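this one's sequence-less:
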């Protein structure tokens, strides 16, 4: 085997390893978004609508009906790419109080896991 063919093989293997690593880092991860609703009268919530977007693209939307109200900490499992995202939450109190809209930001790490949503 000549030196130039070894070098070419080494460069090819290196490029494949770097490409695989880049794809792994950018691939969607299993993440649990944690929504803290304690200060938003969670027990009075009858319907919860959660919308998650990244770069203005819809990632997931879910509507939950809650007969007994929402827990103070809602955990929302999602498969999402690493990076920044926006979370919109609509709290419907079934007419007991006005509908509340929450908007938040989230940063998903390259490893997934649990991520808290920061509402503003």
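Done, it's in. What you see is a predicted model; the values in this text were computed from it and never measured.

Where do the strands of this structure begin and end?
Secondary structure of the chain by DSSP state E: the strands cover 29-36, 47-54, 57-65, 73-80, 83-92, 100-108, 113-116, 118-119.

From residue 28, how far off is residue 49?
Residue 49 sits 22 Å away from residue 28, taking C-beta to C-beta, to the nearest Å as the criterion. (C-beta placed from N, C-alpha, C; glycine too.)

same deal with residue 70?
26 Å.

Compare those two (neighbour count), which wins?
Per other C-beta atoms under 10 Å, whichever of residue 70 and residue 28 has more neighbours is residue 70, with 21 against 14.

what pairs with the residue most central in space within the chain across the strands?
Of all residues in the chain, the one closest to the mean position by C-alpha atoms, centre = their mean is residue 80, 5.0 Å from it. Beta-bridge pairing of residue 80 under DSSP bridges involves residue 29.

what's it in contact with, if anything?
Taking C-beta atoms under 8 Å, 6 or more residues apart in numbering, we find residue 80 in contact with 28, 29, 31, 52, 54, 59, 60, 108.

State whether the first one and residue 79 are indeed in contact, as I suppose.
It stands for residue 28. Yes. Contact between residue 28 and residue 79 holds when scored by C-beta atoms under 8 Å: they sit 4.7 Å apart.

pLDDT below threshold where in the protein?
Where the chain drops to pLDDT under 70, the residues are 1, 20-21, 23-26.
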